[in-house]
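Asker: following is a predicted model, sequence given first.
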Amino acid sequence: MTIDIPRQSPTSPRKRIRFAFASALLVGGLALSGCAADATTATTAASTSQSAGATSSSASAPTDATTTAETISSTADAAEAFLATLSEEQRDSVLYSYDDETKTTSWSNFPVTFVDRAGLNLSDLTDEQKTAALAVLKGLLSDDAYATVSGIMGGDEYLHENSNSTEESLGQYYIAFFGDPSETNAWEVQFGGHHLGINATLDGSADAITFAPTHLGIQPAEYTDADGNDVQPFDGIYTDAFAFYDSLTDEQKATLYQGDTVANMVCAPGSTCDYPTGTGLSGADLTDEQKQLLLDVIANWAGMADEETTDAALAEIESTLDTTYVNWSGATTYDMTQGDGIYFQISGPNVYVEFAAQQGSAGADVAGVTTSGWGHVHTIYRDPTNDYANSATQQAATSMGGGPTGGTPPAGGTPPVGVAGS
């Protein structure tokens, strides 16, 4: 039975993620791959510095749309403005047919040197074009989601500047459109790089937006930007996850918990997935309050756009929450100084979320900074019934050498074949 529970907006004051760098990214342009320090400078303020948000430019900071139609319209307008800045050759590179299966193979948790991305590399664009590309994200995402994405990108830039990694692709991001940007027809925005893979399908004819599938990752979990601000892109996700965990009784935790060892990822970003379910705690065994807390966790992926879109996505997930299962392993308190991080999986008829701490830095080590476990996380969000709004069937992403990918490549080496999840 569907329970009508009032939901908080993704921009609720309860959310702890607040950044002030959004306007700097859009106005100044993101200096990628070779100018990483400028991008890091743009990522000012953190979840612990909410007051800094008052200093950002109200004229250029992201403003949340209220309805699905508004989000579709603003994103389409921004996409058209971006396309207008491109040459004919660049337009040909960024535009694909709506049902092109490339959309399923061109995103991954691997760096762009291992898996070819679709579209244009932002590092190859002019400052004007970069700003216009990022404005597409501004139109698409809520303030909180835009801040999370910007923090992820800033983390890659931080590693590019400060780690001992030889991976030159850190800080490189690609943008592609599948279908022509439109307020009335279906099309997709694909944006991402190593720790980011957004696949947002916008369909004005159905007044619907889906972010399935999407990959969000972090490395490190916490870093200091060039202005001395503390940045924690996943603080809100961690806070929501532990709020759910802490709400459970000892008996519920015993059913939920799978052990101290952090599990490997079952459905790696860019791979096919059998959507395992039935392990852990059933939604039917949760109280109404606990169900809402679980929906709050899911909203970090399903609720990346406006409030109306989020409500619609969560209502669909809520309708089958009783047959949705959640399991957990690893740490049981939000303390990044203890243990190797956490793993949780939420699997049901209308949702699949996997959050997996990676037990290794993939060679991106920084003295005094945690870049493994808590400090290196891959996540995936999928909808078993509606990935890519059913416009394409997931194919396994392939490496530049032609082999299937999964997991985390060793530093300076070749990605392992067929290994899902680490």
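Answerer: Received it, and whenever you're ready, just let me know what you need.
Asker: helices and strands around the longest helix along the chain, which ones?
Answerer: As assigned by DSSP state H, the longest helix anywhere in the chain is helix 143-162. Under the contact criterion of 3 or more C-beta pairs under 8 Å, 6 or more residues apart in numbering; DSSP states H and E, helix 143-162 touches helix 22-28, helix 36-42, helix 127-140, strand 196-203, strand 215-218, strand 223-224, strand 230-231. Glycine gets a C-beta too; all of them are placed from N, C-alpha and C.
Asker: buried ones in that helix?
Answerer: The neighbour-count check on helix 143-162 (16 or more other C-beta atoms under 10 Å) flags 143-160, 162 as buried.
Asker: and the strands in the protein, which stretches?
Answerer: Assigned by DSSP state E, the strands in the chain fall at 95-96, 120-121, 174-178, 186-192, 196-203, 208-210, 215-218, 223-224, 230-231, 281-282, 325-330, 342-348, 351-358, 373-382.
Asker: could those strands go into JSON lines alongside mean pLDDT, mean neighbour count and distance to residue 105?
Answerer: Formatted as JSON lines, the strands of the chain follow (pLDDT from 0 to 100; neighbours: other C-beta atoms under 10 Å; distance: least, C-beta to C-beta, whole Å):
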{"stretch": "strand 95-96", "mean pLDDT": "98", "mean neighbour count": "20", "distance to residue 105": "12"}
{"stretch": "strand 120-121", "mean pLDDT": "98", "mean neighbour count": "18", "distance to residue 105": "17"}
{"stretch": "strand 174-178", "mean pLDDT": "98", "mean neighbour count": "25", "distance to residue 105": "12"}
{"stretch": "strand 186-192", "mean pLDDT": "97", "mean neighbour count": "25", "distance to residue 105": "11"}
{"stretch": "strand 196-203", "mean pLDDT": "98", "mean neighbour count": "25", "distance to residue 105": "11"}
{"stretch": "strand 208-210", "mean pLDDT": "98", "mean neighbour count": "23", "distance to residue 105": "19"}
{"stretch": "strand 215-218", "mean pLDDT": "97", "mean neighbour count": "26", "distance to residue 105": "13"}
{"stretch": "strand 223-224", "mean pLDDT": "94", "mean neighbour count": "20", "distance to residue 105": "31"}
{"stretch": "strand 230-231", "mean pLDDT": "96", "mean neighbour count": "22", "distance to residue 105": "31"}
{"stretch": "strand 281-282", "mean pLDDT": "98", "mean neighbour count": "20", "distance to residue 105": "34"}
{"stretch": "strand 325-330", "mean pLDDT": "98", "mean neighbour count": "22", "distance to residue 105": "29"}
{"stretch": "strand 342-348", "mean pLDDT": "98", "mean neighbour count": "24", "distance to residue 105": "23"}
{"stretch": "strand 351-358", "mean pLDDT": "97", "mean neighbour count": "26", "distance to residue 105": "19"}
{"stretch": "strand 373-382", "mean pLDDT": "97", "mean neighbour count": "24", "distance to residue 105": "15"}
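Asker: okay if I get those strands as TSV plus distance to residue 302?
Answerer: Formatted as TSV, these follow (distance: least, C-beta to C-beta, whole Å):
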stretch	distance to residue 302
strand 95-96	25
strand 120-121	27
strand 174-178	20
strand 186-192	16
strand 196-203	11
strand 208-210	8
strand 215-218	12
strand 223-224	27
strand 230-231	24
strand 281-282	20
strand 325-330	15
strand 342-348	10
strand 351-358	7
strand 373-382	7
